[in-house]
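Asks: The following comprises the amino acid sequence and a computationally predicted model.
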Amino acid sequence: MAKIANIAKNTSYFTLALIGQKLISLAYFTIYARILGPEDLGKYYFAISFTTIFSIVLDLGLTNLLTRETAKNPEQAGKFLSSALGAKLILSAINLVLMTIIIGITGYSPLIITLIAVSVLSMIFDSFSNLFFAFSRAFHNLKYESISAVLAQAVTLIISLLVFKFNGGLVALMWAQVASSAFALLYSAIVIKSVWSLSLKPTWDWPFAKGLFLAALPFGLYAIAQRFYNYMDSVLLFQLAGDTAVGVYQIPFRAVNALQFLPIAFIASLYPALSNYWKNNRQQLVITFQRAMNYSLIIASPLAIGLAVLAPAVVKIFAHGFEPAVLPLQVSCLTIFFMFINYPIGSLLNACDKQKVNTRNMIITAVVSVVLNLILIPIWGVMGAVTTAVFSTALLFILNWLTALNIIAIIPVKIYHTLLKTLVASLLMAMVIYALINYLNVFVVVLIAMLVYFVALLAVGGLKPADLQSITKSFKK
């Protein structure tokens, strides 16, 4: 039970931190959109998407593997870290060479090439800080990563405001991202050294490193497929529909990604525990997973349905030129639902040494996504990318869910009952939003909607007093 309490505590604090992070991120994204407009916003986020796809060379699945293995064997943390650092340095050099070759042959404008080149530095810094925080996660501690998540975004916001004040341009804005990543790297390195007393000295034990890479291969292939799945739509939109389409697409894309902090916070704490339970306590593994699915449904349903109703009001926050984003945002809400409930399933597969199956499912989804984007974007533009995202997310969930049913003794009926209750409460909430949105401030409507959903969920039995007590206790030391 101590591990269950630790999951709740870590999730609660990391969720609060990621709420702060996403609020700051939303603030500077809104500023970017209002000042830059769809065209320049499209250029900026195309460069980030392009770089993110190829940044997988920096990791190849090592971070995910080391979280799992260190959680199982904490006494080997030092050896894992030093070997991973040695590998990261070599991978960073390979990435720089690869990106230099790629941007040299793309034929993009000098501005786009410069944005990509600067973005590469940010990706390298992020890769190392993610590695360091992977060890904190393995030790069931998310406190320091929570602090870093908020402070790094604050750095981006502050520097971005200075850039706009002095008319610095798109390249200067990209340097704001680099500064944020550099801060996170420095902070995470200090945590590794002072809190966990691990050495930052890299080693090159080739037989050991080879074993790590072979074990990490399924994670690496999964990450490659995931990057293509998540970011290739923006790249293809840029190629097939232009930078303005990329800018409009960022509204639904960023809205969906901004909400990922909830399942990410949960999984950051859940994954090491599931790995431990798979090895030591299969009964507790089932209980923990089913609770994770129930909580994911409780959060996903109102977010997806509520945001769909609020979409016109949300888009009005941005400057003129983003009106075509309303329908894409409403349709994208379906991806929120499937994305949320897929997080605990994917985490279960990795924790149960089924990363090869998880990877297979992601590769299938990525291939389907790229093919559909190539077909639908030339026909429907932004809506083609959005439709592809919804279909692909649903496909990944179905593949993973069918696999999970064959791994552990899940009782799916209980999960289906929770789904039905959350949908009933969410639909009631949606009716309240629809009735009030034209008369009250959108933020007031959101607060009322949250209260309505909470009360309705209690009324239908989707949330019990014991669940509330568990959440409250998770914030206590």
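Replies: Sure, I can see it.
Asks: Just list the residues touching G461, thanks.
Replies: K421 (C-beta atoms under 8 Å, 6 or more residues apart in numbering). No exception for glycine: its C-beta is placed from N, CA and C like everyone else's.
Asks: Residue ranges in the stretch 151-300 of the chain under the pLDDT threshold?
Replies: For the stretch 151-300 of the chain, the stretches with pLDDT under 70 are 265-269.
Asks: same check, this time on the stretch 351-477 of the chain
Replies: 465-477.
Asks: Now do the helices in it.
Replies: Secondary structure of the stretch 351-477 of the chain (DSSP state H, counting those that start in this stretch): helices at 355-380, 382-405, 412-436, 442-460, 465-473.
Asks: which one of those lies closest to D40?
Replies: Closest to D40 of the helices of the stretch 351-477 of the chain is helix 382-405 (C-beta to C-beta; 16.9 Å).
Asks: All the strands of the stretch 101-250 of the chain, in order from the start?
Replies: Using DSSP state E, counting those that start in this stretch, the stretch 101-250 of the chain contains no strands.
Asks: what about stretch 38-47, distance to the chain center?
Replies: In terms of C-alpha atoms, centre = their mean, to the nearest Å, the centre of stretch 38-47 is set 20 Å apart from its chain centre.
Asks: what residues does that stretch touch?
Replies: Outside stretch 38-47, the residues that touch it by C-beta under 8 Å, 6+ apart are 32-33, 36, 111-112, 115-116, 119, 170, 173-174, 234-235, 238, 242-250, 321-322.
Asks: and that stretch, what's its mean pLDDT?
Replies: The average of the pLDDT scores along stretch 38-47 is 94.
Asks: May I have that stretch as PDB, with CA atoms only?
Replies: C-alpha atoms of stretch 38-47 as PDB (Å, rounded to 0.1, in the frame of the first residue of the first chain):
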ATOM      1  CA  PRO A  38      -0.800  32.000 -38.600                       C
ATOM      2  CA  GLU A  39       2.000  32.300 -41.200                       C
ATOM      3  CA  ASP A  40       4.900  33.100 -38.900                       C
ATOM      4  CA  LEU A  41       3.500  30.800 -36.200                       C
ATOM      5  CA  GLY A  42       3.500  28.100 -38.800                       C
ATOM      6  CA  LYS A  43       7.100  28.600 -39.700                       C
ATOM      7  CA  TYR A  44       8.200  28.600 -36.000                       C
ATOM      8  CA  TYR A  45       6.400  25.400 -35.100                       C
ATOM      9  CA  PHE A  46       7.300  23.700 -38.400                       C
ATOM     10  CA  ALA A  47      11.000  24.000 -37.400                       C
END
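Asks: For it, which residues meet the burial criterion?
Replies: Using 16 or more other C-beta atoms under 10 Å as the test for burial, stretch 38-47 gives 38-47.
Asks: Can you list which of the contacts of stretch 38-47 are found in helices?
Replies: Cross-referencing those against helices under DSSP state H gives 32-33, 36, 111-112, 115-116, 119, 170, 173-174, 234-235, 238, 243-250.
Asks: What subset of those residues is buried?
Replies: For these, buried by 16+ other C-beta under 10 Å: 32-33, 36, 112, 115-116, 119, 170, 173-174, 234-235, 238, 243-250.
Asks: Select, out of the helices of the stretch 351-477 of the chain, the one closest to A149.
Replies: For those, proximity to A149 was assessed by C-beta to C-beta; helix 465-473 is nearest, at 20.3 Å.
Asks: Wait, A325 touches V248, no?
Replies: Yes: using C-beta atoms under 8 Å, A325 is in contact with V248, at 5.1 Å.
Asks: Look up how far R227 lies from V368.
Replies: The spacing between V368 and R227, counted by C-beta to C-beta, to the nearest Å, is 15 Å.
Asks: cool, and L26?
Replies: From L26 across to R227, the span is 23 Å (C-beta to C-beta).
Asks: could you dump the buried residues of stretch 38-47 to TSV with secondary structure and distance to S92?
Replies: Formatted as TSV, the buried residues of stretch 38-47 follow (DSSP: H, G, I helix; E, B strand; the rest coil; distance: C-beta to C-beta, whole Å):
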residue	secondary structure	distance to S92
P38	helix	34
E39	helix	33
D40	helix	30
L41	helix	29
G42	helix	28
K43	helix	26
Y44	helix	24
Y45	helix	23
F46	helix	23
A47	helix	19
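Asks: Pick the most buried one from the helices of the stretch 351-477 of the chain.
Replies: helix 382-405 (a mean of 21; mean count of other C-beta atoms under 10 Å).
Asks: Tell me which other helices or strands that helix touches.
Replies: Packing partners of helix 382-405 (3 or more C-beta pairs under 8 Å, 6 or more residues apart in numbering; DSSP states H and E): helix 206-241, helix 243-258, helix 326-351, helix 355-380.
Asks: right, so of the ones you listed, which gets closest to L91?
Replies: Among these, if distance is taken as C-beta to C-beta, the winner is helix 206-241, at 10.1 Å.
Asks: got the angle between that closest one and helix 243-258?
Replies: Angle of helix 206-241 versus helix 243-258, following axes from the mean of the first three to the mean of the last three C-alpha atoms, to 10 degrees, is 130 degrees.
Asks: buried ones in helix 206-241?
Replies: Residues 209, 212-213, 215-238, 240-241 are the ones in helix 206-241 that count as buried (16+ other C-beta under 10 Å).
Asks: helix/strand/coil for I317?
Replies: Under DSSP: H, G, I helix; E, B strand; the rest coil, I317 falls in the coil class.
Asks: mind checking how far it is from I116?
Replies: Distance from I317 to I116, counting by C-beta to C-beta: 29 Å.
Asks: Next: V460.
Replies: Look at V460 and I116: by C-beta to C-beta, they are 50 Å apart.
Asks: Next: L270.
Replies: For L270, the distance to I116 (C-beta to C-beta) stands at 35 Å.
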